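[1] Have a look; sequence and predicted model below, questions after that.
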Protein chains: 2
Amino acid sequence: MNIECHNIIDNQMSVFSVLNQEEKELLKKNSTCTYYKKNDIIYKEGDKPSGLICLSKGKVKIFKEGVGGREQIVRMAKPVGFIGYRALFAEQNYLASAEAIEDCVICTIEKETLYKILSTNSELSFSIIRSLASELGFSNNRTVTLTQKHIRGRLAESLLFLKDTYGIEDDEATIKVYLSREDIANLSNMTTSNAIRTLSTFASEKIIALDGRKIKILDLKGLERISELG
Amino acid sequence: MNIECHNIIDNQMSVFSVLNQEEKELLKKNSTCTYYKKNDIIYKEGDKPSGLICLSKGKVKIFKEGVGGREQIVRMAKPVGFIGYRALFAEQNYLASAEAIEDCVICTIEKETLYKILSTNSELSFSIIRSLASELGFSNNRTVTLTQKHIRGRLAESLLFLKDTYGIEDDEATIKVYLSREDIANLSNMTTSNAIRTLSTFASEKIIALDGRKIKILDLKGLERISELG
DNA sequence: ATAAAAATATGTTAAAAAACATACAAATGT
DNA sequence: ACATTTGTATGTTTTTTAACATATTTTTAT
């Protein structure tokens, strides 16, 4: 029944493409498939990682609880991608929580098997090094933009980030992810009120169009300008 | 003349301790030693990494230029430690700049040699994976604290961070790094004025004592409390 | 030794964003 | 179908922090 796991491991786009057939078979034998409903918690801050979690279907938010329980989204995951691998490789407990924002299919690769393959396959190690290094660059960047940009700049950046991460619908304008205003706020380091207010302002300026949780980007250049100016 | 490089590579505390003698010799042959004066730029945002830079002596700040040229320090390096390895491993140009805050001795390991050893030594790859993963956790944490904590909390956290990173002098109280108020501000996401003001307030509350750039921690528990409360 | 520049200190004002309040709409459960 | 909860919207007040102004001290360069 873990056909979804097999698909990931065989996927040409995944980091596993550098493995030989034997290694792939070993991974498949030592991975399990799990299903999550929208709003389900996949893991919580403080939990111990049990394996490498691979997102096969659905979308996931990774967030930290900050001062007074205030939530900050540090990453948005999409298929095919890993979640929770930072803690696994740092040999730490999770420092953030993961929650499904859509129904999800997840494949968990057993830790020992992964390490066995890693110890013989330097290509896979390189891939992981590259991924971690890229994400660290992204995180350092976010630290600066979330602290230095003003509300409009932060929101504009978040909208562009969501568009780049999840792409757009067939209408060539609607961001392909449907977040609550609260999640948008938690992604952009602002209160829900300010997210709602600023989205409304953007809509009144014809930079975006709002229809419930649907966000349509009407003026991409304008949005980029707001994001850059801060 | 690159005896300092040799010392690093032979150092039992460095990640190179997992290498065999032959690998260590190869590294030594393909590394160069450079000296930097206080305030010298080691590399700039946008530069291309040429090798793995290892800090043998001195202290270095890693910072990014943000909105309107406003500086944010993302990391403080100490010996023996790497700098600029994120960009190297991500195969990107530097996303931050590095500047000596003391006279420094630096050892640069040639990229090709490093990769050759990495491809045969999975232990070294693991070390690098672990380091990057730890630092990513640290960075995500900073994103949250710098955005959510108030000025006093951010400054308290920075002082504790400096103490943990560089240790304390023989008096068991003075933080073993001497930064300008501007650097402290750039580390803590605040203006120089506010760093000076808040340091003065801490001093008047007998939490710290100030003597030029010397910062003495008088009430560690108090400082921790301020940092945690935000 | 002295001028110039840089760093530190502190008070005042202005801007940004959070907190708070309230209303309304939409989704959910019974 | 209705009540309850959750999410969205918007106006007002308060807090926080940046921006600005101006001394004073320290460092650096000549």
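    Ah, there it is. Every value quoted in this text rests on a predicted model; they were computed, and no experiment measured them.
[2] Could you list the residues of chain A in contact with DNA strand D?
    Contact residues, chain A versus DNA strand D (Cβ under 7 Å from any atom of the strand): A:S180, A:R181, A:E182, A:T192, A:S193, A:I196, A:R197, A:L199, A:S200, A:L210, A:G212, A:R213. (Glycine included, C-beta is placed from N, CA and C.)
[3] Tell me, how many residues neighbour A:E25?
    Here the count is done by other Cβ atoms under 10 Å in any protein chain shown, and A:E25 has 13 residues near it.
[4] what does A:S180 give?
    Neighbour count of A:S180, defined by other Cβ under 10 Å: 12.
[5] Check A:T108 too.
    For A:T108, the neighbour count with other Cβ under 10 Å is 20.
[6] With A:K221 instead?
    Using other Cβ under 10 Å, A:K221 is surrounded by 8 other residues.
[7] Where does the prediction get shaky in chain A?
    When residues are selected by pLDDT under 70, those of chain A lie in A:1.
[8] Output the longest helix belonging to it.
    The longest helix of chain A (DSSP state H) is helix A:122-148.
[9] ok now the helix or strand following that one, how far from the chain's centre?
    Downstream of helix A:122-148, the first helix or strand assigned by DSSP states H and E is helix A:151-166. Using Cα atoms, centre = their mean, to the nearest Å, the mean C-alpha position of helix A:151-166 is found 13 Å from that of the whole chain.
[10] How is chain A divided into domains?
    Per the record, chain A has its domains at A:2-145, A:149-229, by automatic domain parsing.
[11] and the end-to-end length of the shortest one?
    Read it as domain A:149-229. End-to-end distance for domain A:149-229: 8 Å, by Cα to Cα, to the nearest Å.
[12] ok, which stretches of chain A are helices?
    So, for chain A - with DSSP H - the helices run A:3-10, A:21-29, A:85-90, A:111-120, A:122-148, A:151-166, A:181-188, A:192-204, A:220-229.
[13] Take the ones you listed and lay them out in TSV including distance to B:E25.
    TSV is the format used below for these (distance: least, Cβ to Cβ, whole Å):
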stretch	distance to B:E25
helix A:3-10	39
helix A:21-29	32
helix A:85-90	29
helix A:111-120	24
helix A:122-148	21
helix A:151-166	46
helix A:181-188	50
helix A:192-204	58
helix A:220-229	49
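[14] and B:E45, which of the ones you listed is closest to it?
    Closest approach to B:E45 among the helices of chain A (Cβ to Cβ): helix A:122-148, 11.1 Å.
[15] Name the residues of the closest one that are buried.
    For helix A:122-148, the neighbour count (16 or more other Cβ atoms under 10 Å in any protein chain shown) marks A:122, A:124-148 as buried.
[16] Go ahead and confirm A:I101 touches A:I62.
    No - in this structure A:I101 lies outside contact range of A:I62 using Cβ atoms under 8 Å: 10.6 Å.
[17] need the residues of chain A near DNA strand C, please.
    So chain A meets DNA strand C at A:G68, A:H150, A:I151, A:R152, A:N189, A:M190, A:T191, A:S193, A:N194, A:G212 (Cβ under 7 Å from any atom of the strand).
[18] neighbours around the second one, how many?
    Applying other Cβ under 10 Å, we find 13 residues neighbouring A:H150.
[19] Quick check: nearest residue in space to it, chain neighbours excluded?
    Closest residue to A:H150 apart from its sequence neighbours, by Cβ to Cβ, 6 or more residues apart in numbering or on different chains: A:G230 at 5.9 Å.
[20] B:G68 is in contact with the one you found, correct?
    Yes - judged on Cβ under 8 Å, A:G230 makes contact with B:G68 at a distance of 7.4 Å.
[21] who has more neighbours, these two?
    Using other Cβ under 10 Å, the more surrounded residue of A:G230 and B:G68 is A:G230, with 17 against 8.
[22] which residues touch the more buried one?
    Residues counted as contacts of A:G230 (Cβ atoms under 8 Å, 6 or more residues apart in numbering or on different chains) are A:T145, A:Q148, A:K149, A:H150, A:G153, B:G66, B:V67, B:G68.
[23] Quick one: residues contacting the second one.
    Meaning A:Q148. Neighbouring residues of A:Q148 by Cβ under 8 Å, 6+ apart: A:G230, B:G66, B:V67, B:R70, B:Q72, B:N189.
[24] ok, 10 Å please
    Residues in contact with A:Q148 (Cβ atoms under 10 Å, 6 or more residues apart in numbering or on different chains) are A:R154, A:G230, B:K64, B:E65, B:G66, B:V67, B:G68, B:R70, B:E71, B:Q72, B:L146, B:N189.
[25] Overlap of the contact sets of A:I101 and A:I62?
    Common contact partners of A:I101 and A:I62 (Cβ under 10 Å, 6+ apart): A:I73, A:M76, A:A77.
[26] Most neighbours among these, which one?
    Busiest of those [other Cβ under 10 Å] is A:A77, holding 23 neighbours.
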